[in-house]
Each structure stands twice: as structure tokens, then as C-alpha cells.
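> everything below, folded, please.
(chains A and B)
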Amino acid sequence: MPRLNSPSELEELRKGILSKRDPNKPCITLCSGSACHASGSSDVARSLEEEIKKQGLSDEVEIRKTGCHGFCERGPIIVIHPEEICYLQIKPEDVPEIVSQTIKEKKVIERLLYTDPETNEKIVHESEIPFYKNQKRLVFGSNGNIDPKSIDDYLAIGGYSALARVLSEMTSEEVVEEVKKSNLRGRGGGGFPAGRKWEGSRDAPDETKYVIVNADEGDPGAYMDRSLLEGNPHSILEGLTIGAYAIGSHEGYIYVRQEYPLAVENVNLAIRNAEEYGFLGENILGSGFDFIVKVHQGAGAFVCGESTALMTALEGRAGEPRPKYIRSNVKGLWDKPSVLNNVETWANVPLIINKGADWFNQFGTEKSKGTKIFSLVGKITNTGLVEVPMGTTLRDIIYKIGGGIPGGKRFKAVQTGGPSGGCIPEELLDLEVGFDELTKAGSMMGSGGMIIMDEDTCMVDVSRYFLDFLTDESCGKCVPCREGMRQMLKILTNITLGKGREGDIELLEELAELLSEASLCALGKSAANPFLSTLRYFREEYEAHIKEKRCPALSCKELISFHIDPDKCLACMICGRKCPAGAIIGGKNMIHVIDQDKCTKCGTCFEVCPSRFSAVKKISGEPVPPSIPEEERTIARKSKQK
Amino acid sequence: MSEILLKIDGKKVKATQGMTILEAAQSVGIFIPTLCHHEKLEPYGGCRICTVEAEIGGRTRLVASCLFPVEQDLIVRTRSEKVDRIRKLILELLLAHAPDAFELKELAKEYGADKDRFEKEASFCIHCGLCVRYCAEVKKKFAVGFVDRGTRKEINFIPEIAAKECWDCKECFPLCPTEALQAAYVLTRALYFPST
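Prediction:
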């Protein structure tokens, strides 16, 4: 492939690619993102290829292995174009039928379709499934249509046209101005206005400047950056190159987690292809602008997602944050002006250039514009990645798109913003998501993780869990973060073990103030959020643990006991057989009793007791009722008496 | 160098561009406590005991004075209820590790810090990093370094370097506020190069 030397050559090439593509030719797209890969999409891909060959359709059907479609709960997903027939949870054995029925005979296979849980109707088209219907997939939408390994696929959907436009028609001031006007805010957590960050770097006097993609996504349960980088790497490269042109940088870095092998592979391939086509390298599209991109793999420290720690790590030193009294966009990587934005932020840039700041501003709230990708995980029916306009309510995200809480359980809280975020309770479900709205509620946007919790979740334990994570991931440089968290974790652990003392809450609050006020970096400054937000909304749970030694969610092992209700036990012996500790006394026609000294509180008896009996009870904060005397344990079976 | 006027504890102070609040305060004899600061070393910002209130344009925030650059019309308060509360808590957290460190005990008196507030975890090291940074920045030997991170972080001598470099240097010893460093050195020597 000879390098393209001008925007018109790019348009020629694009026309060539499109002219060879017949929009009516059947095309099977198969989700091959990491989540679907784990559910066997590569096996499905192999059988698809074999079956198409076997049925002699190789020339008539295209198979496209795409990035993540988002509906991970029901993966692997197949969408058959041009009809847009969507099949879910495909197994290799479904493939022959799909090829012979749907591809050859144009018949829809009912059993592979999505069934609306409310109406029980079958839904044929992907875009009509409630999970997708209620989304606005501006950034993430292309993931399902392109093969991330094919630069031609990206060009076919208009790829690199924003870059061509910027290089041929816009000055760097105009690019910065457009991004400023779009009000694009950083998607990585802080929500800092991207345009202002860029402007600061552009105006800085140094000759050498850097642009950086932060792909060190480390929040538990969050994988939107991963899916974008795996599924549409060119969109990020294009955004990054536009940013580089805007601030006058000639060297960019992608800092990506080593734990994301497919993202690393796809982005490296994308860089190679972009260099071959002339979208990277010297004299890009004949404009005289030079720009190269290097990929740096992180070594696994969560704190390296913090911008200054990331830069320190890029420099080859231990990833420790440094104070931001002088901003990184003025003095960053190797003390040079450096613009660091998150994956999703960069992916928004080509859209803004192509469609304009005004178009972008129509989505979102007053202060948070555009869309945001969230990863819905935890106790939610539709686990997956969703993209919605800013300002969508939590209720719509969790219920309309997420399908609510499974198992008939009650919603308790949603944890947003990763380990440094907070828990938002049921009474705030109508909160519109946006940077400032979430901060006001005591949480934050973060990179967009949403962990849904149901009534069985203990909020004290949640706060202990996140603090444990952060204590492990703190770099240990400053005293408030290292020592403050060490003590907070000790106290919280004691509370969940039933060793809480009067005054613990106040001491935790004092330590939380130290963390937020005196820590060196954002990790420490926000580390108390999980505690503070759960205390704000669920104070009674803390008090119950400390004062009554009771866990209201019946979750903290040390504070609960299992007990068999003698009036309900019908001596079916299931729990007795399953108990791994041999703690259940009983036999045929003998009401079962738990030996509390032997019980390890694993909960097996509770889970296996048939729901029509529901004889096993979890209790907390009250003494276990005494076992009924042995002579009263015999059950006289009515049916046998007759 | 352009001159900058600021106020520290109500006192007008002349400073120059690039100075930190701590340097400006020291230049007029205003004391701000420090634990990880050393004039020969790059500012570190680890101990946070030098936290002060900085007011710019009506907005007050807490900053580490050893790092924060002076600005025109900056108003600094080196003591306030909040600053004192934070210093007291920092001292109490550190005293759990090094209850007998002289510097900590002196500061504890000033701020009313209770050395027994937190359960003892006598690691002795307070992670000020003076030894590590002195060896790296001044001596350029890198004989002592930090290993691991977070609450597991500790100082360690690199035996291969320490065996060659440390025996006639030991300039870091008097820098250590707790003597944890000497213990670490003795241990390294005993285990890895006992004959020297």
C-alpha cells in the first residue's frame, strides 16, 4: 500500500473500498471482544468459517469478527446484515442451522432471538432489543460493524476523514477552539475540560510536547476502554493525532495495561497500518505534519491510571504520583507539556470534528455534554457496556437498559466511579448522570463503572472491600494515604467482624478528612469516598454492626448464624447431605438441627433448602433459638398415617 | 528573577519566582515542621506534616508547603485549627510505627498527639525516604531503595551495591529520624556480606 499524500487520495481510496462492497451481500458479524471470547466466540467463528465453506457460500457471505457489542450477558452475539437479524448466546452447534436457514433460506430462527421478558415477544433486530433501543451509541456503535484488524473497515465508515479535514482545512487554534466549544470533558474520571487542557499545552513555550492515551483502566468491573481499544483502535489513533496537531506534538504514547493482550495486539496492528497508509509518520497526508505513536505496556499498578504516576512510569521509573501544583499540560512527561486523555475522550474527538461542536452539544446536560459509556456489572440482569447521553437517569440505565435486578431481589445501591467513587442509594435513582451531579451525590463519574448491589449486600463490607483494594494499590509515598488507609481498613474490618467499638465512626471520619485533605494525589484524596458515601446513606448499617453486632443485610459471616425453623423443616435431608462441615444433626423423619459449634456459616444449607420449605433462616443480632429437644424432633408424616 | 510578594501568618514576605512556600517562610524565620524535607534533596511531599493553608483569590486549600510554588498575593497560614488537626493525626499515625523517635516526640508535644492512639506496628520506618533519596541524588550510588508499595513498602539495602559503597560512607545514618535505617543496614550486612 503506497502512502496517501493528500486528503483527495484518501477519498479516492475510500471510494475504491466502498465500490467493492455490496451493501446487500450477507455479512455475519460476530462479537469477538474479550467477554465473548471467554464465552466461546472463537469456537463459533471457526464453525462459521467451516460451515460457510462446507455449504459452498464462501464467495457469497462475508464473516466479520468485530469488537465488543456491549450485550456481554448474552454473548456470543451474531448479527446478520443487511437484515440486522440478531442471535444471542450462540454455540458452535447452532451454526449449521444459521447458515442453512437464515443465510440460505432467509428464515429467522426463533429460538436464538431475544425474548422480551415483559411481553414475551421475540425480537429480531438488534436495535429493537430494549438493551440497545434505549442507548445512544455515538462512540461505541461502530464497534459492532467493523473488524478492528481491518483499516479498510474503518475507512469504509468514514475513518480518518476528521484527520484529513483538520490537516487540510483547520489551524491548530481552530481545532482547540472546536474542542473547547464542544465542552468535551475528560472521560477518565476528573471531568476536566479537554479543550482547556489542550489550550494550556498549545500555549506552553516548549518545543517538545507529548500526547498520551490513558488506557490503564483498573477499576474493578470496568472495561469500556478495553472494548474501545480492542474494537475500534483507529478511532483512538485518529483522535490522538488530531490532538497532537492541535497542540503541536510530534510524539504520542498509549499507556495500556499488560493485562489487555487483545487491545495491545489490535492497537499495535492499527499503528502499523496507519503508518503504511500515511495517517501516522512523516508528512501525514501531505500536510507536512509529523507524528508517531508508541505503545507502552503497564506493569499492573492501579495507581498508574493517575496521570502523574502514569507519566513517571512512562519515564521508566516506579509509578508514583507527583504533586500537580504545576499542571501536566504545562510540565508533564519528561517535564514537557503533555496532554493526557482517557481512551474514550480521544475516541470522541473525530466525531466532534466531523459533526461539529454544536452537534455534540445537543446531547447531555448543561455542564456534561455528549454521551458516556458505562459498564453495568454486579446484581443486574443485563451485564454489559452501555452508552447513553449524559443526563440519563440512573433508573433508566439500571431498569430500562439493564433490565433491573435479577432473582426478584430489591435494589439497594449503585456504586459508581470505581474504588474512589461512592454508593448511591435507591432514593436517588432519578439522579441524572453527569460529572457534577454524581460528585454532588458523594460519588463520582470516574471512568464509568457501575456496580449494582441488591438487598443482600452489606454496605459496611462494600466500603471495607474498596478500602482493601486501595490499600493494596496505594503507592505508599505519602503518610495520609499509606497510614490513614491502613488504620481505616483495620477499623472497618473489625466492624464487619463484630469487633466495632463506640467512637469508631468518628475516628473513621477523622481519618477520612486527613485522606481527602492532605493526600498527595487523587487516589488518596478520593479513597475515603466509599466510606463517606455509605456512611451518608447507610449510617444505620454502621450503627447496627457496632452497637447491636448485627448485619442488616445478613452478609457479614461473623455476625450471622444459620438456624433451621422446626415448624418448617420436613426432614428432606438435603441440607444434611450437602453440609461440608457435618454440622447438621438429623435423619429420616427427624427435624434437622444445626450444631452451631461446627457450623462454618458457608450458607450451603440456606441455598439448598427447597424454596417450598424455606426452613433454613439467617439471623443476625439475636441469639440462636435453642434447638428443640430430641424427643420432639420426630415428624409424623400425615400422608403415611392415612 | 521576578519578585513576588506574599503574606505568611500575616507577615509580608518577599520571595522570588520558583521558591516554595517553605523556602519563603524559612527565609523570614517562620517555622514549618518537616520530616521528609532536606535542603540538599529534591522536594518529596511524602510526610505532609508541612501542610499549610494557602489562600488564592479568596479560595483556601491545603497544600504541602515544601512543594507549592509561591505566587503573587498568596496568603499562607502555617497554623490553623485544621492544619493542627491534620498534623496531630499524621504524628499519631507515625508514632504507631516509631513511638520513640525524637523528632516525632518533640512535635507530638507541640500538637498534643497521643502516641498510643493507634495500635503499635513497630516497623520503625516512617518512609520519609531521606536515605533513599540522599543515596540516589547526592551520592548517586542507589545502595538503598524502596521495595513493594502501599502498606507493604519498606526500605532495603541492595547487598551488591551496599557491600561496596556503604562501609566508609554511612552519610545517610544521621538523616534517619528513627534509626530504622541503621537496623536495615546491619541486617543486610549480617545476611549478605558479614565479613566486611
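
> use CA for all of it now, contacts and neighbours both
OK.

> near chain B, which residues of the stretch 501-642 of chain A show up?
Counting by Cα under 8 Å from any Cα of the partner chain, the stretch 501-642 of chain A comes close to chain B at A:511, A:514, A:517, A:518, A:519, A:520.

> can you name the residue of the stretch 501-642 of chain A nearest chain B?
Nearest to chain B, among the residues of the stretch 501-642 of chain A, is residue A:514, at 6.0 Å (Cα to the nearest Cα).

> where does that residue sit, in terms of helix or strand?
Element membership for residue A:514 (DSSP states H and E) is helix A:504-518.

> show me the shaky parts of the chain.
In the absence of a named chain, this looks at chain A. Residues of chain A that meet the criterion pLDDT under 70 lie in A:637-642.

> wait, chain B
For chain B, residues meeting the criterion pLDDT under 70 lie at B:1, B:195-196.

> and the strands in it?
Assigned strands in chain B, in chain order: B:3-8, B:11-16, B:51-56, B:59-64, B:75-77, B:144-147, B:154-157 (criterion: DSSP state E).

> list the helices and strands the shortest one packs on?
Applying 3 or more Cα pairs under 8 Å, 6 or more residues apart in numbering or on different chains; DSSP states H and E, one finds that strand B:75-77 makes contact with strand B:3-8, strand B:51-56.

> mind listing what the first one pairs with, with the direction of each?
In the sheet containing strand B:3-8, the strands it pairs with under DSSP bridges are strand B:11-16 (antiparallel), strand B:75-77 (parallel).

> same question for the last one.
Strands that pair with strand B:51-56, judged by DSSP bridges, come out as strand B:59-64 (antiparallel), strand B:75-77 (antiparallel).

> looking at those, which is buried most?
strand B:75-77 (a mean of 22; mean count of other Cα atoms under 10 Å in any protein chain shown).

> just to revisit the earlier point, tell me the contacts of the residue of the stretch 501-642 of chain A closest to chain B?
If you count contacts by Cα atoms under 8 Å, 6 or more residues apart in numbering or on different chains, residue A:514 has them with A:480, A:484, B:86, B:89.

> okay, the strands of chain B in CSV with distance to residue A:19 next?
Output for the strands of chain B, formatted as CSV (distance: least, Cα to Cα, whole Å):
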stretch, distance to residue A:19
strand B:3-8, 66
strand B:11-16, 66
strand B:51-56, 61
strand B:59-64, 61
strand B:75-77, 68
strand B:144-147, 59
strand B:154-157, 64
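
> nearest to residue A:315, out of the ones you listed?
Closest of these to residue A:315 is strand B:144-147, at 17.8 Å (criterion: Cα to Cα).

> re earlier: single out the most deeply packed of the helices and strands packed on strand B:75-77.
strand B:51-56 (a mean of 22).

> with just CA atoms, put that strand into PDB.
Extracted in PDB, the C-alpha atoms of strand B:51-56 (Å, rounded to 0.1, in the frame of the first residue of the first chain):
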ATOM      1  CA  THR B  51       0.700  21.100  55.100                       C
ATOM      2  CA  VAL B  52      -0.400  24.700  55.400                       C
ATOM      3  CA  GLU B  53      -3.400  26.700  54.300                       C
ATOM      4  CA  ALA B  54      -2.900  28.600  51.100                       C
ATOM      5  CA  GLU B  55      -5.500  31.200  50.000                       C
ATOM      6  CA  ILE B  56      -5.500  32.500  46.400                       C
END
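
> how close does the spatially most central residue of chain B sit to chain A?
Taking Cα atoms, centre = their mean, the centroid of chain B lies closest to residue B:36, which sits 1.3 Å from it. Residue B:36 sits 10 Å away from chain A when distances are taken as Cα to the nearest Cα, to the nearest Å.

> does that residue touch residue B:44 like I think?
Yes - using Cα atoms under 8 Å, residue B:36 is in contact with residue B:44, at 6.9 Å.

> and residue A:427, that one's in a strand?
No - going by DSSP: H, G, I helix; E, B strand; the rest coil, the assignment for residue A:427 is helix, not a strand.

> next one: it from residue A:489, what distance?
28 Å (Cα to Cα, to the nearest Å).

> which SSE is residue A:16 in?
Counting by DSSP H and E, residue A:16 is part of helix A:7-19.

> the lengthiest helix in chain B - contacts with which helices or strands?
Ranked by number of residues, the top helix in chain B under DSSP state H is helix B:81-95. Contact here means 3+ Cα pairs under 8 Å, 6+ apart; on that basis helix B:81-95 packs against helix A:504-518, strand B:51-56, helix B:102-111.

> between strand B:59-64 and that helix, find me the angle.
On the basis of axes from the mean of the first three to the mean of the last three Cα atoms, to 10 degrees, helix B:81-95 is oriented at 20 degrees to strand B:59-64.

> so which bits of helix B:81-95 are buried?
Of all the residues in helix B:81-95, those buried under the rule 16 or more other Cα atoms under 10 Å in any protein chain shown are B:82-95.

> what of stretch B:117-136?
Across stretch B:117-136, burial judged by 16+ other Cα under 10 Å covers B:124-136.

> CA atoms of that stretch as PDB?
Output of stretch B:117-136 as PDB, limited to C-alpha atoms (Å, rounded to 0.1, in the frame of the first residue of the first chain):
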ATOM      1  CA  ARG B 117      -3.800   6.300  69.800                       C
ATOM      2  CA  PHE B 118      -3.300   3.600  67.200                       C
ATOM      3  CA  GLU B 119      -2.200   0.100  67.800                       C
ATOM      4  CA  LYS B 120       1.600  -0.300  67.500                       C
ATOM      5  CA  GLU B 121       3.100  -1.600  64.400                       C
ATOM      6  CA  ALA B 122       6.700  -1.200  65.200                       C
ATOM      7  CA  SER B 123       8.200  -1.100  61.700                       C
ATOM      8  CA  PHE B 124      10.200   2.000  62.900                       C
ATOM      9  CA  CYS B 125      10.500   3.300  59.400                       C
ATOM     10  CA  ILE B 126       8.300   6.300  58.700                       C
ATOM     11  CA  HIS B 127       9.000   6.200  54.900                       C
ATOM     12  CA  CYS B 128      10.400   9.800  54.700                       C
ATOM     13  CA  GLY B 129      12.700   8.500  52.000                       C
ATOM     14  CA  LEU B 130      15.700  10.600  53.200                       C
ATOM     15  CA  CYS B 131      18.200   7.700  53.000                       C
ATOM     16  CA  VAL B 132      16.900   6.500  49.600                       C
ATOM     17  CA  ARG B 133      16.900  10.000  48.100                       C
ATOM     18  CA  TYR B 134      20.200  11.100  49.600                       C
ATOM     19  CA  CYS B 135      21.900   8.000  48.300                       C
ATOM     20  CA  ALA B 136      20.400   8.500  44.900                       C
END
